[in-house]
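Got a predicted structure here, sequence first:
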Amino acid sequence: MSIQFGNTWWGQAYLGALTHIDYENRLARGKSYARNDRIKEISVELNTVDAKVRGSRPKPYKVRIVHTPMLPADQKKLTDILASRPDLTSEILNLRLPSEVLDISTDLNVKLFPASWHDIKLNCSCPDWAVPCKHIAAVIYTIANEIDKDPFLIFKMLKFDLGEALQKRGLSANIKGNELLIPAINIIRTDVEIERGFPVFDPEIYDALDLNTIPKLGKAIPQFLEANPVFYPQGDFRTILDQRYQRLSQFASTEIKSVDEENNEMSFRFLRKIDYIECVLDQDLSLQALWLEGPDELMTRSLTRMDDVIKMLLRLHADEMIMLSSDFKLIHLALEIAVQCIRNGAIVPAIYELADKAVIIRWQPALTIEAIKNLMASFQQTLRQDFVSVQDEEGNLTYLDPAQQPVILVSLFIHHFATHPTLITSKSSEDQVNRLFFENKPQSFSSFSEKRIGPAIHQWLAPLVHTTASFQPCIWIHENRKNQFELELELASDHKEVKE
């Protein structure tokens with residue numbers, strides 16, 4: 001499927017504004033250039049776009065597009081209106097641009113989009129006398145495609161940092177320089193002191209954990225997401241995700257329980273001598289080693305592959321489990337919760353940024369579901385605070401927030417199954433987005449046409465996970481002393497009130 005441009009109202013508005021003043025229909029000439037990867041370099045610094053476009057000659061042509069900045073007085077007028085509208089601001093802080101913003105700017109006589117060619121300066125080093133030439137047109141289409149992913153690029157090209165302007169009004173957001181910040185993978189790590197060996201395993205809490213409370217969601221989770229997300233112009237990625245949920249549910253019901261016992265290297269006799277288990281992760285929260293420790297060093301073993309961990313756990317029967325250390329019960333419980341969540345469709349993908357600025361998808365339980373959240377809280381009450389740790393490149397161990405440990409432990413199994421090699425198809429390996437979601441492969445979106453893919457995915461997945469950029473307008477109705485009703489609007493996040 002060919003790439004389409006102007007897939008959102010704001011992308012259409014930018015492209016439409018230029019199309020309406022393109023009386024000689026020159027813009028259409030650049031559409032094929034934009035689709036066929038003719039743009040080699042492109043950057044946006046303040047209100048200036050610089051690009052290099054490959055034409056008929058060996059050396060790319062240099063293109064520069066300069067937008068007329070929004071006047072400081074106009075920036076203030078627009079900010080005043082938006083800051084007084086919690087309904088609009090909640091959308092803006094969630095990285096969506098309500099169409100009413102265009103109406104407001106029009107009423108204020110503030111230009112968001114060019115009204116004539118005089119509002120932008122165009123230059124290309126090609127010999128074509130026409131302005132815009134097809135090289136300039138290709139850049140314009142490419143910009144429209146990026147505006148689809150990130151509406152705040154509109155304001156950036158007007159030298160207006162809307163995110164900063166709203167923050168100065170006390171409206172905080174996970175935005176910097178008009179760009180959404182993806183949570184860092186180390187966000188769940190903690191520097192707080194943990195108590196080794198505490199809490200002690202509690203068989204009553206363990207026995208009371210009921211996996212049947214995990215709701216059967218079927219295909220419900222993907223339906224919370226928007227169809228045809230802007231980061232995937234090749235088709236409807238929600239449909240692709242929906243198909244993966246179906247395959248995963250079948251996989252959990254039929255294939256996960258199968259295990260080749262003959263190839264298992266650890267005998268039950270050996271496992272009976274293990275009295276302590278510690279799960280050590282790398283900085284990307286992938287398994288580094290599951291340490292099985294006995295009374296002396298000769299009894300210490302480690303498993304470094306998730307397949308081997310799962311194989312060991314699946315071969316254990318209930319009558320054997322009661323003869324093993326309670327640590328086996330805990331990690332086996334994490335596996336059972338993971339399988340049940342997958343089978344019931346109660347899992348979600350979340351995107352994180354790694355230390356090298358690449359991004360990764362980690363599959364995890366759907367914590368927005370109250371029953372799963374409560375299950376994790378109960379699990380925490382009987383899981384040692386030093387059960388899960390993260391080891392950095394220097395070998396230093398950091399323990400996770402105790403509240404996060406059961407979630408990360410369960411997620412370790414969910415993520416392994418969600419990205420299992422047997423589920424990979426030729427379709428899932430076609431592009432970076434599929435590889436990111438389904439192949440456990442970090443991706444670097446560094447070029448101009450790629451760098452907004454990560455934030456767009458984060459914004460798309462926001463309804464499924466708790467994020468710092470989750471804002472909602474709240475309506476309060478009070479009855480005053482005169483028996484009159486007063487209406488009050490507030491803007492609130494998941495954690496605190498932001499503005500009255």
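Thanks, I have it. Residues are numbered from 1 along each chain as shown.

residues in contact with residue 102?
Each residue near residue 102 by CB atoms under 8 Å, 6 or more residues apart in numbering is listed here: 10, 13, 112. (Glycine included, C-beta is placed from N, CA and C.)

TSV for those, including neighbour count and secondary structure?
TSV is the format used below for the contacts of residue 102 (neighbours: other CB atoms under 10 Å; DSSP: H, G, I helix; E, B strand; the rest coil):
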residue	neighbour count	secondary structure
10	25	helix
13	20	helix
112	22	coil
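
which of those residues lies closest to residue 333?
Ranked by distance to residue 333 (CB to CB), these are led by residue 10 at 47.2 Å.

Is that closest one in contact with residue 154, as I believe?
Yes. Between residue 10 and residue 154 there is a contact at 6.3 Å, judged by CB atoms under 8 Å.

Spit out the residues that contact the two alike.
With CB under 8 Å, 6+ apart as the test, residue 10 and residue 154 both reach 97, 147.

before we move on, the earlier item: now, among the contacts of residue 102, which is nearest to residue 376?
Residue 376 lies nearest to residue 10 out of the contacts of residue 102, by CB to CB, at 38.3 Å.

wait, what's in contact with the closest one?
Residue 10 makes contacts with 97, 102, 147, 148, 151, 154, as judged by CB under 8 Å, 6+ apart.

Kindly recompute the last result at 7 Å.
Taking CB atoms under 7 Å, 6 or more residues apart in numbering, we find residue 10 in contact with 97, 147, 151, 154.

Could you do residue 199 as well?
So residue 199 contacts 381, 382, 384 (CB under 7 Å, 6+ apart).

Could I get those residues in JSON lines, plus columns for neighbour count and secondary structure?
As requested, the contacts of residue 199 are arranged in JSON lines below (neighbours: other CB under 10 Å; three-state DSSP):
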{"residue": "381", "neighbour count": "14", "secondary structure": "coil"}
{"residue": "382", "neighbour count": "21", "secondary structure": "coil"}
{"residue": "384", "neighbour count": "22", "secondary structure": "coil"}
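
Adding distance to residue 361 and pLDDT, write the residues you listed out as TSV.
Shown next, in TSV, are those (distance: CB to CB, whole Å; pLDDT from 0 to 100):
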residue	distance to residue 361	pLDDT
381	30	94
382	30	93
384	28	92
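
Quick check: of the residues you listed, which lies closest to residue 253?
Looking across the contacts of residue 199 and measuring by CB to CB, the closest to residue 253 is residue 382, at 27.7 Å.

right, and the closest one touches residue 202 too?
Yes. Assessed by CB atoms under 7 Å, residue 382 is found in contact with residue 202 at 4.6 Å.

how far away is residue 405 from residue 186?
15 Å (CB to CB, to the nearest Å).

Just want to know which of those two has more residues nearby.
Higher neighbour count among residue 405 and residue 186: residue 405, with 25 against 17, using other CB atoms under 10 Å.

Who's the closest spatial neighbour of residue 327, skipping the chain neighbours?
residue 277 (3.8 Å; CB to CB, 6 or more residues apart in numbering).

likewise residue 81?
Residue 81 sits nearest to residue 104 (CB to CB, 6+ apart), 5.4 Å away.

Heading C-terminal from the strand or helix carrying the one you found, find the next helix or strand.
According to DSSP states H and E, residue 104 maps onto helix 100-107. Reading on from helix 100-107 to the C-terminus, the next helix or strand found by DSSP H and E is strand 120-124.

Any stretches of the stretch 1-150 of the chain with poor pLDDT?
Applying pLDDT under 70 to the stretch 1-150 of the chain flags the ranges 1-4, 6, 17, 21-26, 93-95, 117.

try 80
The stretch 1-150 of the chain contains residues with pLDDT under 80 at 1-7, 16-32, 35-37, 56, 86-87, 89-97, 115-119, 129-132, 149-150.

Then the stretch 401-500 of the chain?
Across the stretch 401-500 of the chain, residues meeting the criterion (pLDDT under 80) sit at 424-430, 446-452, 466-500.

And the strands in it, which stretches?
With strands called from DSSP state E, counting those that start in this stretch, the stretch 401-500 of the chain shows them at 471-479, 485-493, 497-499.

Equivalent analysis for the stretch 51-200 of the chain, please.
Secondary structure of the stretch 51-200 of the chain (DSSP E, counting those that start in this stretch): strands located at 61-67, 120-124, 175-176, 179-180.

Can you say which helix or strand has the spatially closest residue to residue 304 that is not a sequence neighbour in it?
Once flanking residues are discounted, residue 304 sits nearest to residue 289: 5.2 Å by CB to CB, 6+ apart. Using DSSP H and E, residue 289 sits within strand 287-293.

Past that strand, which element shows up next along the chain?
Per DSSP H and E, the first helix or strand lying C-terminal to strand 287-293 is strand 301-303.

And for that following strand, what's in contact with it?
Outside strand 301-303, the residues touching it (CB under 7 Å, 6+ apart) are 289, 290, 291, 292, 309, 312.

Could you identify which of those has the most neighbours?
Highest neighbour count within the contacts of strand 301-303: residue 292, with 24 neighbours (other CB under 10 Å).

relative orientation of the host helix or strand of residue 15 and helix 100-107 in degrees?
Residue 15 belongs to helix 9-20 when assigned by DSSP H and E. If you take axes from the mean of the first three to the mean of the last three CA atoms, to 10 degrees, helix 9-20 sits at 40 degrees to helix 100-107.

C-alpha coordinates for helix 9-20, CSV please?
Output of helix 9-20 as CSV, limited to C-alpha atoms (Å, rounded to 0.1, in the frame of the first residue of the first chain):
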residue,chain,number,x,y,z
TRP,A,9,-7.2,16.9,10.2
TRP,A,10,-4.0,18.8,11.1
GLY,A,11,-2.0,17.1,8.3
GLN,A,12,-4.8,17.8,5.9
ALA,A,13,-5.0,21.4,7.1
TYR,A,14,-1.3,22.0,6.4
LEU,A,15,-1.3,20.3,3.1
GLY,A,16,-4.7,21.8,2.2
ALA,A,17,-3.5,25.3,3.0
LEU,A,18,-0.7,25.0,0.5
THR,A,19,-2.7,23.2,-2.1
HIS,A,20,-5.4,26.0,-2.1
